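> only geometry, no sequence info:
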């Protein structure tokens with residue numbers, strides 16, 4: 001069982017940056033692939049990025065490539081999402097996710113564990 005707690009969301013102006021953190025419980029964090037999804041009002045949940053258990057492989061949605069960076073610190077049981085050059089279209093609730101298999105899946109159904117979400121609002 002893995003419990004995920006996100007932090008770092010907030011209000012930022014267009015062009016600004018935010019860093020989200022996701023702290024995971026349990027002693028097996030390093031065995032899990034981690035990722036981030038987001039959901040804007042009235043829209044379906046969408047894949048943002050994922051990282052393999054070792055951190056060697058990273059996957060990004062086209063919409064965030066070159067602007068967002070995922071990383072993890074297995075010693076701290078934490079995964080990070082650095083978001084730069086934010087625009088109003090990035091406004092959403094961001095969810096941290098985890099799964100046992102590192103395959104870069106973009107389907108929400110593929111992920112076993114979800115955090116409660118953190119709101120990111122980008123003003124124009």
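Now that the structure is in, tell me what you want to look at. Note that this is a predicted model, so its numbers are computed, not measured. Numbers count the residues shown, from 1 in each chain.

> alpha carbons only for contacts and neighbour counts from here, please
Fine.

> give me the most central residue, the chain.
residue 36 (2.4 Å; Cα atoms, centre = their mean).

> for the helix or strand harbouring residue 70, packing partners?
Assessed by DSSP states H and E, residue 70 sits inside strand 68-73. In terms of contacts (3 or more Cα pairs under 8 Å, 6 or more residues apart in numbering; DSSP states H and E), strand 68-73 is packed against strand 46-51, strand 78-83.

> report the strands that pair with the first one, each with its relative direction.
Based on DSSP bridges, the strands next to strand 46-51 in the sheet, each with its direction, are strand 33-39 (antiparallel), strand 58-60 (antiparallel).

> which residue, other than its chain neighbours, is closest to the spatially most distant residue from the centre of the chain?
Farthest-out residue of the chain from its mean C-alpha position, per Cα atoms, centre = their mean: residue 124, at 22.6 Å. Spatial nearest neighbour of residue 124, excluding adjacent residues (Cα to Cα, 6 or more residues apart in numbering): residue 14 at 5.3 Å.
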